[in-house]
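> Take a look and give me a structure for this.
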Amino acid sequence: MPTNFTVVPVKDNTRKADESNEEEDVDDNNVLKEEDEGTTGDGVPKENSPFINNTDNDKGNSYDGTNMALFEEEMDSNPMVSSLLNKLANYTNLTQGAQEHEEADDDEGPKKKTIKPFFFPQMGTFMGVYLPCLQNILGVILFLRLTWIVGTAGILESLAIVGLCCSCTMLTAISMSAIATNGVVPAGGSYYMISRSLGPEFGGAVGLCFYLGTTFAGSMYILGTIEILLTYIVPKAAIFVAERKEDEVDALLNNMRVYGTCCLALMAVVVFVGVKYVNKLALVFLACVILSILAIYAGVIKTIFEPPDFPVCMLGNRTLQNHNFDKCLKTDIIDNLTVTTQLWKLFCDGTGLNATCNKYFDDNNVTMVQGIPGLTSGVISGWNTMFSLQTLVQCDIYLPYVVNDITTFFTLLVGIYFPSVTGIMAGSNRSGDLRDAQKSIPIGTILAIATTSFIYVTCVVLFGACIEGVLLRDKFGDSVKGNLVIGTLSWPSPWVIVIGSFFSCCGAGLQSLTGAPRLLQAIARDGIVPFLQVFGHGKANGEPTWALLLTAGICEIGILIASLDAVAPILSMSVSYVLACCLPLHRPRFKYYHWALSFLGMSLCLALMFISSWYYAIIAMAIAGCIYKYIEYRGAEKEWGDGIRGLSLNAARYALIRLEEAPPHTKNWRPQLLVLLNLDSDQGVKHPRLLSFTTQLKAGKGLTIVGNVIEGTYLTKEAEAKKAEQSSMSAERTKGFCHVVVSSNLRDGFSHLIQSAGLGGMKHNSVLMAWPGTWKQSNDPQSWRNFIETIRETTAAHQALLVAKNVDSFPTNQDRLGEGTIDVWWVVHDGGMLMLLPFLLRQHKVWRKCKMRIFTVAQMDDNSIQMKKDLQMFLYHLRLDAEVEVVEMHDNDISAFTYEKTLMMEQRSQMLKQMQLSRTEREREIQSITDESRSSIRRKNQGGAENANLSRQSSTAEDTQEDEAQLIHDRNTASHATINDKADTGPERVHMTWTKDKLFTERNRNRECNTNVAVRDLFNMKPNQSNVRRMHTAIKLNEVVVNKSQGAHLVLLNMPGPPRNRGGDENYMEFLEVLLEGLNRALLVRGGGREVITIYS
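Residues are numbered from 1 along each chain as shown. The predicted structure is shown next:
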């Protein structure tokens, strides 16, 4: 149930009276506005909190005092301690019905502005928790089945069953007490405690299973009510009467269905009319339960002095039904004549002494035993022989034998008995009515379990000590003229137990029909299961009308089963709520809690679920699993600070520490990717296909870190960083982590990502990035310089590098590539990355139909045939299915085209340097002119002497800048061989006479001279022989790759490393461009310096 806080505004005593009155009116309006805002879209109250993570109610409140002026800027986000304590003091946890009653009263009319008294729950531990738990635990199983369980299993096995089930509930109660004392218990009962501890996914799944268990509990109680009514109170009220003996079971089930449906409809109407009638009748029903228990103990005490007379007729060792005869005799002597009795007529075909009778009847004598010999009779000593397996006997159904209607075994008896101890949540369901829920729930629940456990254990022992086993095994009391077996032991009359058990079952059924709809309504109003939201609505007073209809429909399914013994194991579903126990709670006030007890309770409850009914347990877990995945798929919007997150954090910490202990083995190596993305001006992803390729490469496994860099400072770019993080992960629905770095430049940002992304053993070992396709057209060389520096840093960090060219043409996750190939060009061995990547890609449905081809290059001295055989054997050991082809590249002469292309490349690089230098000079000239203009303005406003001094200082600064620029130009031009004789001389230093005209003239003369020298250098250049050889390799290899793999879906190539000398970076980019020319989709791969694939298992 959503919690509500009432804010009481505190007025400043220094304000005037009229200002106080005006502000009181404003505060009233604010309170009404806050009440309107405190609801969700469908009018459902939402959860509020007085702490700093929810300060909506504090917005607009300004602080005008002087004592706390140091903190006045933080008042909007952090409330004052006095305000916080005031909200906590006025906290209320109204029950759902009471709160909606008040809301309905407020909606009666806008003129009704009366101040209602504030509601505080007043129920204590005894009335609020102890007695409701007692009423729900002591119910139909105690009165109708416990004697039969003791007679069938024996005292020791019955004690084992009771001890097992009661231990389970006690452990559950201990864990529930820890949850109840781990914070303020909201109104709404057990579901809110469970869901807020487990989270939305587990909370919804467990809550719905709990709802189904509660609903079928109502079916069980109604069937128990009808069984008592038709079997012990008014047997003649049966509508269906069996004409044949074999049809009696079907007739009984049909009667149960008809009367059960009528009883369900009547109870549903009572619940629909109003819960107040159910609450008024609850005390009457509870009194009946207590009187019945007292009557049993009184009857046990009476058997010591005067055992009741309930004889049981036995034929041999078989119990007879005492319905159609009055004397337990075969023959009787009347007036000195031997005559046959009514029993004789049941086993013989005539009334004469010479009639043909049943063989077993002829061979065995009829005896009569006392059904209740008493506590002092020593009948308990005869139970030593009751644990051996009894031989199953097939009897004639037309003979009056007392028979079992089902075959019994230990797990079946556990399943039948276990629902009798599942009423421990009755107290916690009333948390909104309790004065101190954190105190009452632990004490009341544990005391109720202890009391009922004592009652069950003593009843097992007393039943075995007072009642004969043949009578205990008579489930319906046929051997004692149809009396309830437990009623024969009670005092003063068996009718005390019959009437008490009847009203007890009625009350428990009403409680189930009252609680289950509210539980469903609470789940629906949380909004975690969207298709159940219709059941969150109800009448104006909060009664869940639609949820009641659904509950009655599901309850009718249990009634149509019609067998109490078949419906009871279904209640094992409700045991699944104990999964809430094994959680890392924060600060429970209940000091007897330990996680080992919770784990033991969870294990015991799961075991009991399968012991009771393994197929019902599987169904319950399947339902819970489907609901869990549904809520997870739809995305639960609730965040309740559940313990599952804490458990996940502990597991993740433990796993990270274990991963840190040793480096991963080659067999465990997988590409853990750091994806470097570029963002546009709106913080959107420029190349979303790169994320698609990441998903296809990972196939849903391994680590993915999406890295972004934003230029600027974090204080000014915080909002943009958060937006970039959201857009990066939402694009292509990438599963992984996002790491956004705000840095002064992109170069440093990518360096930080490569160094610091990841945590512990969960760090990336590979970097994926897009090829800078516009590096030639870009005026800023920093783009391709960042790219090359990233390559160098990944190599230094021993990380693999993947560079995707034409990434925008890569397939999306929705595409399905047809039959084609993934071509691998294996030039140098870099650890096996080229072999592993196609295998991983083919695991994804996009690339599944593609075949893998591996090309390797052979030189003149290599044996191509042997290379192909060796490569095929290597792939066989790697368990890779691929076609192999060896391409021979002969040592040809370098063509004129290669020579010319290399020359053009170097000329272009030199020209870019000159252009960059000219741009720098122009910027310095503009700056100097600006400074000169500012100096002129200052000279007009100042004296002559000061103006002359400032002019000299400015001229000196400009002269220094000009000299620096000229030295930079000389240093660049001195590197060429054609002007070595001029490199040592350099231009002369310019001596100015502090006139502006001479300054500009000298500067223009030097610029014209430098330009002429640079142009002559470009036309007189000769290409570097090392660059010529590299260009030759790139051209020849590109020709072979394009010839063989131009139609492939993807081409993977070894990526050559960057030059050690940074002066050749421009040429390196040109080599890569030539190597990839003509390929649609290409992936350059550079290994991280370690083996990533092995032939060993």
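> So for stretch 850-869, what gets flagged as buried?
The neighbour-count check on stretch 850-869 (16 or more other C-beta atoms under 10 Å) flags 850, 851, 852, 853, 854, 855, 856, 857, 858, 867 as buried. For every residue, glycine as well, the C-beta is placed using N, CA and C.
> Going by distance to residue 836, which of these wins?
residue 852 (11.2 Å; C-beta to C-beta).
> Contact partners for the closest residue to that closest one other than its chain neighbours?
Once flanking residues are discounted, residue 852 sits nearest to residue 882: 3.9 Å by C-beta to C-beta, 6 or more residues apart in numbering. Taking C-beta atoms under 8 Å, 6 or more residues apart in numbering, we find residue 882 in contact with 824, 838, 851, 852, 853, 854, 875.
> Would you confirm that the third one contacts residue 841?
Which is residue 851. No - using C-beta atoms under 8 Å, residue 851 is not in contact with residue 841; the gap is 11.7 Å.
> Overlap in contacts, the two.
residue 822.
> And the helix or strand harbouring residue 465, what does it pack against?
Here residue 465 sits within helix 437-466, counting by DSSP states H and E. Applying 3 or more C-beta pairs under 8 Å, 6 or more residues apart in numbering; DSSP states H and E, we find helix 437-466 packed against helix 125, helix 131-137, helix 140-144, helix 146-153, helix 155-180, helix 275-305, helix 485-489.
> Dump those into TSV; add mean pLDDT as well.
Listed next are the helices and strands packed on helix 437-466 as TSV, based on pLDDT from 0 to 100:
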stretch	mean pLDDT
helix 125	86
helix 131-137	84
helix 140-144	86
helix 146-153	90
helix 155-180	89
helix 275-305	85
helix 485-489	88
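> Let me know which of those helices is tucked in deepest.
When these are scored by mean count of other C-beta atoms under 10 Å, the highest mean neighbour count falls to helix 485-489 (a mean of 27).
> what about the next helix or strand after it, average pLDDT?
Using DSSP H and E, the helix or strand that follows helix 485-489 towards the C-terminus is helix 494-526. The average pLDDT within helix 494-526 is 86.
> List the buried residues in helix 494-526.
494, 496-526.
> again with stretch 768-783
768, 769, 770, 771, 772, 775.
> start to end distance for that stretch?
Chord length of stretch 768-783, first to last residue, is 17 Å (C-alpha to C-alpha, to the nearest Å).
> just how off-centre is it within its chain?
Taking C-alpha atoms, centre = their mean, to the nearest Å, one finds stretch 768-783 lying 42 Å from the centre of the chain it belongs to.
> now the stretch 251-400 of the chain, which segments are flagged as low pLDDT?
The stretch 251-400 of the chain contains residues with pLDDT under 70 at 381-397.
> And the helices in it?
275-305, 342-347, 359-363 (DSSP state H, counting those that start in this stretch).
> For residue 1051, give me phi and psi.
The phi/psi pair for residue 1051 (degrees, to the nearest 10) reads phi -120, psi 130.
> same deal with the one 5 residues further on?
Listed backbone geometry of residue 1056 is phi -70, psi 150, with angles given as degrees, to the nearest 10.
> so it touches residue 1074, yeah?
No - counting by C-beta under 8 Å, residue 1056 does not reach residue 1074; the two are 11.4 Å apart.
> Confirm that residue 886 sits in a strand.
Yes - counting by DSSP: H, G, I helix; E, B strand; the rest coil, one finds residue 886 located in a strand.
> Now for residue 738: which residues touch it?
Taking C-beta under 8 Å, 6+ apart as the test, what residue 738 contacts is 705, 706, 707, 708, 725, 728, 729.
> So which of those sit within helices?
725, 728, 729 (DSSP state H).
> Look up how far residue 708 lies from the last one.
I take that to be residue 729. Distance, residue 729 to residue 708, using C-beta to C-beta, to the nearest Å: 10 Å.
> Between those two, which is the more surrounded one?
Between residue 729 and residue 708, counting by other C-beta atoms under 10 Å, residue 708 is the more crowded of the two (25 against 18).
> How many residues are close by residue 548?
Neighbours of residue 548 using other C-beta under 10 Å come to 24.
> ditto for residue 138
27.
> list the contacts for it?
So residue 138 contacts 289, 293, 420, 452, 455, 504 (C-beta under 8 Å, 6+ apart).
> Closest one to residue 800 out of those, please.
Within the contacts of residue 138, distances to residue 800 taken as C-beta to C-beta reach their minimum at residue 420, with 63.4 Å.
> Hmm, that closest one is touching residue 142, no?
Yes - contact criterion C-beta under 8 Å: residue 420 and residue 142 qualify, at 6.2 Å.
> intersection of neighbour lists for the two?
residue 456.
> Now do the most centrally placed residue in the chain, the pLDDT please.
Centroid-nearest residue in the chain: residue 201, 5.1 Å away (criterion: C-alpha atoms, centre = their mean). Residue 201 carries a pLDDT score of 81 in this model.
> pretty sure it is touching residue 632, no?
Yes - taking C-beta under 8 Å as the definition, residue 201 is a contact partner of residue 632 at 5.2 Å.
> Could I get the CA-only coordinates of stretch 523-539 as PDB?
Taking Å, rounded to 0.1, in the frame of the first residue of the first chain, the C-alpha atoms of stretch 523-539 are listed here in PDB:
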ATOM      1  CA  ILE A 523      -0.300  -6.100  -7.400                       C
ATOM      2  CA  ALA A 524      -2.400  -4.400 -10.100                       C
ATOM      3  CA  ARG A 525      -2.000  -0.900  -8.600                       C
ATOM      4  CA  ASP A 526       1.700  -1.300  -8.500                       C
ATOM      5  CA  GLY A 527       1.600  -1.400 -12.300                       C
ATOM      6  CA  ILE A 528       4.300  -4.100 -12.600                       C
ATOM      7  CA  VAL A 529       2.000  -6.400 -14.600                       C
ATOM      8  CA  PRO A 530       0.300  -4.300 -17.200                       C
ATOM      9  CA  PHE A 531      -2.500  -6.700 -18.200                       C
ATOM     10  CA  LEU A 532      -3.700  -6.800 -14.600                       C
ATOM     11  CA  GLN A 533      -4.200  -3.100 -14.200                       C
ATOM     12  CA  VAL A 534      -8.000  -3.400 -14.800                       C
ATOM     13  CA  PHE A 535      -8.200  -5.300 -11.500                       C
ATOM     14  CA  GLY A 536      -6.800  -2.400  -9.600                       C
ATOM     15  CA  HIS A 537     -10.100  -0.500  -9.900                       C
ATOM     16  CA  GLY A 538     -13.100  -1.000  -7.700                       C
ATOM     17  CA  LYS A 539     -15.900   0.700  -5.900                       C
END
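> Can you mark which positions in it are buried?
For stretch 523-539, by 16+ other C-beta under 10 Å, it's 523-529, 532-533, 535-538.
> Need the max-distance pair from those.
Taking C-beta to C-beta as the measure, the buried residues of stretch 523-539 span a maximum distance of 18.6 Å, between 528 and 538.
> Would you agree residue 671 is in contact with residue 701?
No - at 9.9 Å, residue 671 does not count as touching residue 701 under the criterion of C-beta under 8 Å.
> More neighbours: these two, which one.
residue 671 (24 against 11).
> what's the nearest residue to the more buried one if we skip its chain neighbours?
residue 766 (4.4 Å).
> Next, give phi and psi for the one you found.
Per-residue torsions, residue 766: phi -140, psi 150 (degrees, to the nearest 10).
> For residue 833, see how far away it is.
8 Å.
> Now the common contact residues for these two.
800, 1088.
> before we move on, back to that, would you mind giving the helices of the stretch 251-400 of the chain as JSON lines with distance to residue 163 added?
Output for these, formatted as JSON lines (distance: least, C-beta to C-beta, whole Å):
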{"stretch": "helix 275-305", "distance to residue 163": "20"}
{"stretch": "helix 342-347", "distance to residue 163": "42"}
{"stretch": "helix 359-363", "distance to residue 163": "39"}
